[in-house]
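Chemist: Following is a predicted model, sequence given first.
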Amino acid sequence: QVQLQESGPGLVKPSQTLSLTCTVSGGSITSSSYAWSWIRQPPGKGLEWMGVIIYDGRTYYSPSLSPSLKSRTSISRNTSKNQFSLQLSSVTPKDTAVYYCTRVENCVPGYWGQGTQVTVSS
């Protein structure tokens, strides 16, 4: 069974770059059957899909992201480690959220990591 585990700093200072990694076990991120995404949930708000990386490394970002957020978001992968990552630059307190990595099949995020709390504060 596939498992996903997020890792990264729990506290980031404003203007810094947030880097999170999702380590996948029980399945390959190069499988053409799935895509791999990042979703976040700010406190008191709903889930926000950020973007996805597919089997060949192409990335797609949610059209609902604000232009500011989209320009700061980058998803990449390390196939040798079976990991994919999220980088969010120039963070502000508004980027405080629980960040989840997921496996997507047929546009549905079926498997989720446990989530990691990221707080942006000086």
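Modeler: On my side now, so go ahead.
Chemist: How about stretch 26-42, which residues are buried there?
Modeler: If you call a residue buried by 16 or more other CB atoms under 10 Å, then stretch 26-42 has these buried ones: Gly27, Ile29, Tyr34, Ala35, Trp36, Ser37, Trp38, Ile39, Arg40. The way it works is simple: take the backbone N, C-alpha and C, and place the C-beta from them, glycine included.
Chemist: Would you check which pair of these lies furthest apart?
Modeler: Within these, Gly27 and Arg40 form the most distant pair, 22.3 Å apart (CB to CB).
Chemist: Tell me which stretches of this protein form helices.
Modeler: In the chain, the helices defined using DSSP state H lie at 67-72.
Chemist: tell me the strands in it, going along the chain?
Modeler: Per DSSP state E, the chain carries strands over the ranges 3-7, 11-12, 18-25, 35-41, 48-53, 59-61, 73-78, 83-88, 97-105, 108-112, 116-120.
Chemist: distance between the longest one and the chain's centre?
Modeler: Once both centres are worked out by CA atoms, centre = their mean, to the nearest Å, strand 97-105 turns out to sit 6 Å from its chain's centre.
Chemist: And the first one, by the same measure?
Modeler: For strand 3-7, the separation from the chain centroid amounts to 10 Å (computed by CA atoms, centre = their mean).
Chemist: now that strand: mean pLDDT?
Modeler: Strand 3-7 carries an average pLDDT of 98.
Chemist: and it, which strands flank it?
Modeler: As defined by DSSP bridges, the strand partners of strand 3-7 come to strand 18-25 (antiparallel).
Chemist: so how far is Ala97 from the residue nearest to the spatial centre of the chain?
Modeler: Taking CA atoms, centre = their mean, the centroid of the chain lies closest to Trp38, which sits 2.7 Å from it. Trp38 sits 11 Å away from Ala97, going by CB to CB, to the nearest Å.
Chemist: Could you do Ser64 as well?
Modeler: Distance from Ser64 to Ala97, by CB to CB: 15 Å.
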